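Engineer: Sequence plus predicted model, see below.
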2 protein chains.
Amino acid sequence: MSYPVTQEYIITAEVHNRIVRAAYMHRGYLADEAEIAARFSERTARHGIKTHNAIKALHLDALFGSAVGGCKPGAAIQELPSRYSAVARWNANRKLGQVVAEKAMMRAMELADQFGVGTVVVDDAFHYLWGGGYVIDAARKGYIAYTNCTAALAEVVPFGGRFPTLGTNPHSWAFPTTDAVGFPICIDWATSTVAMGRVQQFVREKKPLGAGWAVDADGKETTDPNRVAALLPFAGHKGYGLSLIDELTAAFIGGSLPSIRSRPTMGNPCEKHTCCFYFQCIVPDALACEGFALGRTMAENVKAVIADIRGHGNDNVLLPGEPEARAWDRSRQLGGLLFTGAEIEALASIAAEAGESFDRSLIAPVLEK
Amino acid sequence: MSYPVTQEYIITAEVHNRIVRAAYMHRGYLADEAEIAARFSERTARHGIKTHNAIKALHLDALFGSAVGGCKPGAAIQELPSRYSAVARWNANRKLGQVVAEKAMMRAMELADQFGVGTVVVDDAFHYLWGGGYVIDAARKGYIAYTNCTAALAEVVPFGGRFPTLGTNPHSWAFPTTDAVGFPICIDWATSTVAMGRVQQFVREKKPLGAGWAVDADGKETTDPNRVAALLPFAGHKGYGLSLIDELTAAFIGGSLPSIRSRPTMGNPCEKHTCCFYFQCIVPDALACEGFALGRTMAENVKAVIADIRGHGNDNVLLPGEPEARAWDRSRQLGGLLFTGAEIEALASIAAEAGESFDRSLIAPVLEK
């Protein structure tokens, strides 16, 4: 039996997590690492994130992770002593990114509780999958949260250049706006115009790319997806600047040359080839200046500001994070995680690799009313 | 005598500052406020910032500031007590923005010295002119610095909307990269595609706007500069998200409805109509994880990363902040501040308004070799 590739199916989080856990343990990860990775993939699926789900996570692990030494199952995080009390410095020792990021964001919240703002920086890290997942979770817990990281591969050409020396370097912010609008507003994207995966989709669909998306091997802009050698930053110098923020922050933390990141056979063998993470949480109460108009509370004020932005005929305006919140609601209403037929086949392969059963009778097509 | 409008002229910082100081004092500002405002305008001029110099500063003060109550000469900043030690909360009481911002960034540096990261938020604030000026100065002093603010007027339509309910809300970051590249890298721009002043320039020059820059009164995109009613955020949903960050941060601090900001006659008279500021400094040492490759120091590592980004044939790549650094060097070499003939006339008018002498014999044309 095989599934129509675009049909949607529901599987329970329990089944999904069992398979993902087994896959990580099959690759040598400890039970607690596999558990956190499975639950984080569940979170991505609940938010409708197709580009960074369990399938992508395990694919990244195969390409750059446990298979090639970029990630070390069972590694221990080392917290370095710090004379600066609101900042924690961690050496991840290449431990699985999702595990490190979940713990780091939790530590940033603790520091924020104490100092108003808490920062955790992480050196020698492995891909954390989806920054939005960490900041949305922190925002649900009441914090203004931010993370950036250096992406695995340098695939992006700096503005005015011709050779890719920058990662797709994402930024993710989220705000505790659940009281105001029902979900955390989350601003979360890469600094490239598109992802390389999107270019490959255009190759398959034989469609031209948009202007300003990518360059060929000579560094010249191209709209032919077959000729793409590297991506461009979004919005020219502005996206380039945002990408540089991740590289520079990483350079201060301990990250090395971007052009050889996740490419351990390139460059001086004593160079580092790993990513860096930056996390920050702020307690909203630490910012509130006690002067909200018309006697509003902070939450009422945030709600009034958002209502003003979406008022005045701006009825069609979505808030960033709204599509993810809708997906989350739908997942809850349907009682499970939603995957396409193509993704179900990929999960079946993951189960097979791990020697885990994959009971197809538990997978139900979504029949929309 | 009048000056050719595009010819460049040099005036000394001393003459410039005397005129600007006199202009602020003529409008009722205290000597120390006028002094800080004059020096900050000197800093903008030294960096070649034409859009945010003394002329713009005094124009903003006339439009939204001391003339209409949006800014209060002689106002006192109030630091609110905080139970969060790494965050300071200030009520600016509408004191002149440049003065508040200079002091706030200094306080953020002090907090960073103690906690690793220092944050200062400011409510009830008046326009601080140029965010880049504060972060570049902090980066020269060794900090990773960031600021955002809500811009005076809501001129920007949220992505997918039709009516302007967002400010041009800028972000400014700077990094202490003087050892690495000779100047602080500074990422600094508004979240609108262009400034309204640029649209007016296109009206004067009878040129069409770029696609995606602006909308007409019906909220429809237009390239006719004469029909522009509002601006669009850069890069669609990405610039929109970046603009929302400023509005949401301000909403938590104490900012009110964006659509009536700096428009005191609009909306409920008990609403607030002022801006908010956010400042943050980080001590680089607080981030460094002691694992730089090949035994490099932090500064050597930052230098190596930047060299890699600009290597591999990327010879034409500029770093953000490089044009401002070149202007700074040129100003120093030429021994004064550079203004066009048109700007010199504007400075002459400013001097006349304040009853200050304007000795044209002190103004020399730039004769490039």
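Structural biologist: Right, received. Where do you want to start?
Engineer: what about the strands in the stretch 201-350 of chain A?
Structural biologist: Assigned strands in the stretch 201-350 of chain A, in chain order: A:214-215, A:221-222, A:230-231, A:275-282, A:337-340 (criterion: DSSP state E, counting those that start in this stretch).
Engineer: List of residues touching the last one?
Structural biologist: Pointing back at strand A:337-340 there. A:3, A:5-13, A:16, A:42, A:45-46, A:48, A:53, A:327, A:330-331, A:347, A:366 (Cβ atoms under 8 Å, 6 or more residues apart in numbering or on different chains). Where C-beta positions appear, they are placed from N, C-alpha and C, glycine not excepted.
Engineer: Contact partners for whichever residue of the stretch 101-250 of chain A sits closest to chain B?
Structural biologist: Closest to chain B within the stretch 101-250 of chain A is residue A:116: 2.7 Å, counting by Cβ to the nearest Cβ. By Cβ under 8 Å, 6+ apart, residue A:116 lies in contact with A:282, A:283, A:286, B:82, B:84, B:85, B:86, B:87, B:119.
Engineer: Could you export those as a markdown table, including neighbour count, distance to residue B:207 and pLDDT?
Structural biologist: What follows is the contacts of residue A:116, written out as a markdown table (neighbours: other Cβ atoms under 10 Å in any protein chain shown; distance: Cβ to Cβ, whole Å; pLDDT from 0 to 100):
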| residue | neighbour count | distance to residue B:207 | pLDDT |
| --- | --- | --- | --- |
| A:282 | 31 | 43 | 98 |
| A:283 | 23 | 48 | 98 |
| A:286 | 23 | 47 | 98 |
| B:82 | 15 | 50 | 93 |
| B:84 | 20 | 50 | 98 |
| B:85 | 17 | 53 | 98 |
| B:86 | 29 | 48 | 98 |
| B:87 | 26 | 46 | 98 |
| B:119 | 29 | 42 | 98 |
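Engineer: Walk me through the domains of chain A.
Structural biologist: Domain assignment for chain A by automatic domain parsing gives A:1-76+A:336-369, A:77-192+A:233-319.
Engineer: Need the winner for burial among these.
Structural biologist: Of the domains of chain A, the one with the most neighbours on average (mean count of other Cβ atoms under 10 Å in any protein chain shown) is domain A:77-192+A:233-319, at a mean of 23.
Engineer: what's around residue A:216, how many residues?
Structural biologist: 15 (other Cβ atoms under 10 Å in any protein chain shown).
Engineer: wait, it sits on residue A:229?
Structural biologist: Yes: counting by Cβ atoms under 8 Å, residue A:216 touches residue A:229, with 5.4 Å between them.
Engineer: what's the span of stretch A:230-241, first residue to last?
Structural biologist: One end of stretch A:230-241 sits 17 Å from the other (Cα to Cα, to the nearest Å).
Engineer: In space, what's closest to residue A:149 - neighbours in sequence excluded?
Structural biologist: residue A:277 (4.7 Å; Cβ to Cβ, 6 or more residues apart in numbering or on different chains).
Engineer: go on, residue A:171?
Structural biologist: Nearest one to residue A:171, counting by Cβ to Cβ, 6+ apart, is residue A:148 at 4.9 Å.
Engineer: That neighbour falls within a helix, correct?
Structural biologist: No: counting by DSSP: H, G, I helix; E, B strand; the rest coil, residue A:148 falls outside a helix, being strand.
Engineer: Which other helices and strands does the lowest-mean-pLDDT helix or strand in chain A contact?
Structural biologist: Across the helices and strands of chain A, mean confidence by mean pLDDT, DSSP states H and E is lowest for helix A:196-204: a mean of 89. The helices and strands touching helix A:196-204, judged by 3 or more Cβ pairs under 8 Å, 6 or more residues apart in numbering or on different chains; DSSP states H and E, number zero.
Engineer: Which residues does it contact?
Structural biologist: A:51, A:155, A:168, A:208, A:209, A:213, A:214, A:225, A:226, A:228, A:231.
Engineer: Let's see that with 6 Å instead.
Structural biologist: A:155, A:209, A:225, A:226, A:228 (Cβ atoms under 6 Å, 6 or more residues apart in numbering or on different chains).
Engineer: Which residues lie in contact with the first one in this structure?
Structural biologist: Translated: residue A:155. A:164, A:168, A:196, A:230, A:231.
Engineer: cool, and the fourth one?
Structural biologist: Shown here is residue A:226, whose contacts under the criterion Cβ under 6 Å, 6+ apart are residue A:203.
Engineer: Quick check: it vs residue A:336, distance?
Structural biologist: Residue A:226 sits 38 Å away from residue A:336, going by Cβ to Cβ, to the nearest Å.
Engineer: do the last one as well
Structural biologist: When Cβ to Cβ is the yardstick, residue A:228 and residue A:336 sit 36 Å from each other.
Engineer: if we can go back for a sec, which two of the contacts of residue A:116 have the greatest separation?
Structural biologist: A:282 and B:85 (13.6 Å; Cβ to Cβ).
Engineer: any idea how far residue A:164 is from residue A:84?
Structural biologist: 34 Å.
Engineer: again but with residue A:333, I slipped
Structural biologist: 42 Å.
Engineer: Likewise for residue A:236?
Structural biologist: Going from residue A:236 to residue A:164 by Cβ to Cβ gives 16 Å.
Engineer: Likewise for residue A:295?
Structural biologist: Counting by Cβ to Cβ, the gap from residue A:295 to residue A:164 is 54 Å.
Engineer: for residue A:89, same thing?
Structural biologist: 29 Å.
Engineer: and if you look at residue A:216?
Structural biologist: 12 Å.
Engineer: swap in residue A:228?
Structural biologist: Residue A:228 is 11 Å from residue A:164, by Cβ to Cβ.
Engineer: For residue A:291, give me its contacts.
Structural biologist: B:123, B:254.
Engineer: On the pLDDT front, check it for me.
Structural biologist: Note on residue A:291: pLDDT of 94.
Engineer: and it, what are its phi and psi?
Structural biologist: Backbone torsions for residue A:291, taken as degrees, to the nearest 10, come to phi -130, psi 40.
Engineer: Confirm for me that residue A:351 is in contact with residue A:359.
Structural biologist: No: look at residue A:351 against residue A:359 with Cβ atoms under 6 Å: they stay out of range, at 9.5 Å.
Engineer: Just give the closest residue to the residue lying farthest from the centre of chain A, not the sequence neighbours.
Structural biologist: Going by Cα atoms, centre = their mean, the residue of chain A most distant from its centre is residue A:294, 38.8 Å out. Once flanking residues are discounted, residue A:294 sits nearest to residue B:270: 5.6 Å by Cβ to Cβ, 6+ apart.
Engineer: Name all residues that make contact with the nearest residue to residue A:222 once chain neighbours are set aside.
Structural biologist: Excluding its sequence neighbours, the residue lying closest to residue A:222 (Cβ to Cβ, 6+ apart) is residue A:216, at 4.5 Å. Residue A:216 makes contact with A:222, A:227, A:229, according to Cβ under 6 Å, 6+ apart.
Engineer: try residue A:73
Structural biologist: So residue A:73 contacts A:28, A:29, A:66 (Cβ under 6 Å, 6+ apart).
Engineer: Can I get these in JSON lines including distance to chain B and secondary structure?
Structural biologist: Converted to JSON lines, the contacts of residue A:73 look like this (distance: Cβ to the nearest Cβ, whole Å; DSSP: H, G, I helix; E, B strand; the rest coil):
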{"residue": "A:28", "distance to chain B": "24", "secondary structure": "coil"}
{"residue": "A:29", "distance to chain B": "23", "secondary structure": "coil"}
{"residue": "A:66", "distance to chain B": "21", "secondary structure": "coil"}
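Engineer: Endpoint to endpoint, stretch A:251-267 covers what distance?
Structural biologist: End residues of stretch A:251-267 are separated by 17 Å (Cα to Cα).
Engineer: quick one: the helices in chain A?
Structural biologist: A:13-26, A:31-46, A:54-64, A:97-115, A:131-140, A:178-181, A:196-204, A:237-253, A:284-287, A:298-309, A:322-334, A:341-353 (DSSP state H).
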